[in-house]
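> Quick check, what structure comes out for this input:
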Amino acid sequence: MDYDESKLCELILYIVRKSDGDRKLGTTKLLKLLAYSDFEAYRRLGQPITGASYRKLPHGPAPRQAPEVIEILEERGELSESTSRVFNFAQRHYKALRAPDQSKFTKDEIQIVDGMIERFRSLGNKAIADRSHNDFIGWQMADDLDEIPYRTALLSNDSPTGGTLAAGAAALARLSIEVSPLGPERRSGMGGQRLSGRPGVWAIRRAPPSLTGGDRARSVRAQLEGCRPGRTRRPMPARHRPRERLPTRPVLPRSVRSATMHARVAGP
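The predicted structure follows:
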């Protein structure tokens, strides 16, 4: 999916203008609202709003292009920035100096953004950052500074309902895909991929196209309990493997060793 800088500019102006009067809106909260909006749009609509690249940062997911775009808006005189003291920290506040161009967004996208603004209006920067750590499974799975794939928006920690499982089983049966849940212990998936326990996360793989019928269905597993996509466990190099320890002779107590030595010296 392509990144649209103009839509990111307008989305920042829209969120700032819509949050006018919210003194809790700082840089951290602004970036989290962008993340929630983009990933929720991908989950509902099949594509994000801006297409920005989100990275794993200590305070949650953040768009990599946001600092540059904010600087551009300030240089154009379309966004102003001020700083206030909150306890022992300096918090930045933003003010939109022009109305955003809403024609760049669809009705569904505006509805998603408005919902996120109202959902987190009462939360401050730290509270929404902590909340994002639990809500974004992609953030939990990624390494520091790694990009968070949009497809992780489809993962969930919630247990599926009976109706959801029945509908999913019917859809998977039509695709010749077999679902087999795993326990919370670590097990090896197809292709040597290591799977770790993460409740409520599904990873589905299709069977090789060369197989047909029952063989095709049996060759595929949908792993319940989560996974780290694209990560494989490589065999340990021989030089790093622990050496096999040779058996050693038992060590006798000092008193026994002393008595044995005296006996050998004294002779028969």
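> Please identify the buried residues of the one helix or strand residue 113 maps to?
Per DSSP states H and E: residue 113 is located in helix 107-119. Residues 109, 112, 113, 116, 117 are the ones in helix 107-119 that count as buried (16 or more other Cβ atoms under 10 Å). Every residue, glycine included, has its C-beta placed from N, CA and C.
> Same list, the residues you listed, but as TSV with pLDDT and distance to residue 101 please.
Converted to TSV, these look like this (pLDDT from 0 to 100; distance: Cβ to Cβ, whole Å):
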residue	pLDDT	distance to residue 101
109	97	13
112	97	17
113	98	14
116	97	19
117	97	18
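> of all those, which comes closest to residue 69?
Distances from residue 69 to these, taken as Cβ to Cβ, are shortest for residue 113 (16.1 Å).
> circling back: helix or strand right after the helix holding residue 113?
Downstream of helix 107-119 (by DSSP H and E), the next one is helix 125-135.
> roughly how far apart are residue 137 and residue 8?
23 Å (Cβ to Cβ, to the nearest Å).
> and these two? which has more neighbours close in?
Taking other Cβ atoms under 10 Å, residue 137 and residue 8 do not tie; residue 8 has more neighbours (24 against 19).
> any low-confidence regions in the stretch 151-268 of the chain?
177-268 (pLDDT under 70).
> Measure how the helix holding residue 113 sits relative to helix 125-135, angle-wise.
120 degrees (axes from the mean of the first three to the mean of the last three Cα atoms, to 10 degrees).
> just checking, what packs against helix 107-119?
helix 5-18, helix 27-45 (3 or more Cβ pairs under 8 Å, 6 or more residues apart in numbering; DSSP states H and E).
> Now render those as JSON lines, adding mean pLDDT.
Rendered in JSON lines, the data for the helices and strands packed on helix 107-119 read as follows (pLDDT from 0 to 100):
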{"stretch": "helix 5-18", "mean pLDDT": "97"}
{"stretch": "helix 27-45", "mean pLDDT": "96"}
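> Nearest to residue 166 among those helices would be which one?
Per Cβ to Cβ, nearest to residue 166 of the helices and strands packed on helix 107-119: helix 27-45, 21.3 Å.
> on that earlier part again, highest average neighbour count across the helices and strands packed on helix 107-119?
Of the helices and strands packed on helix 107-119, the one with the most neighbours on average (mean count of other Cβ atoms under 10 Å) is helix 27-45, at a mean of 22.
> so where do the helices sit in the chain?
5-18, 27-45, 66-75, 107-119, 125-135, 137-141, 162-174, 213-218, 254-266 (DSSP state H).
> Now the shortest one: average pLDDT?
On average, the pLDDT along helix 137-141 is 94.
> That helix packs against which elements?
strand 60-63, helix 125-135.
> do you know which of those lies nearest residue 91?
helix 125-135 (7.1 Å).
> Give the buried residues for that closest one.
125, 128, 129, 131, 132, 135.
> Out of the residues you listed, the closest to residue 58 would be?
residue 129 (8.4 Å).
> could you check the angle helix 27-45 makes with the helix holding residue 113?
Going by the same axes, to 10 degrees, helix 107-119 makes 140 degrees with helix 27-45.
> per the record, what domains does the chain have?
5-154, 162-224 (automatic domain parsing).
> tell me the most buried of these?
When those are compared using mean count of other Cβ under 10 Å, domain 5-154 is most buried, at a mean of 17.
> what's the span of it, first residue to last?
24 Å (Cα to Cα, to the nearest Å).
> Residue 78 is in contact with residue 70, correct?
No. Contact between residue 70 and residue 78 fails when scored by Cβ atoms under 8 Å: they sit 10.3 Å apart.
> returning to what we had before: take the helices of the chain and lay them out in JSON lines including distance to residue 92.
Below are the helices of the chain laid out as JSON lines (distance: least, Cβ to Cβ, whole Å):
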{"stretch": "helix 5-18", "distance to residue 92": "11"}
{"stretch": "helix 27-45", "distance to residue 92": "5"}
{"stretch": "helix 66-75", "distance to residue 92": "10"}
{"stretch": "helix 107-119", "distance to residue 92": "18"}
{"stretch": "helix 125-135", "distance to residue 92": "10"}
{"stretch": "helix 137-141", "distance to residue 92": "22"}
{"stretch": "helix 162-174", "distance to residue 92": "42"}
{"stretch": "helix 213-218", "distance to residue 92": "55"}
{"stretch": "helix 254-266", "distance to residue 92": "72"}
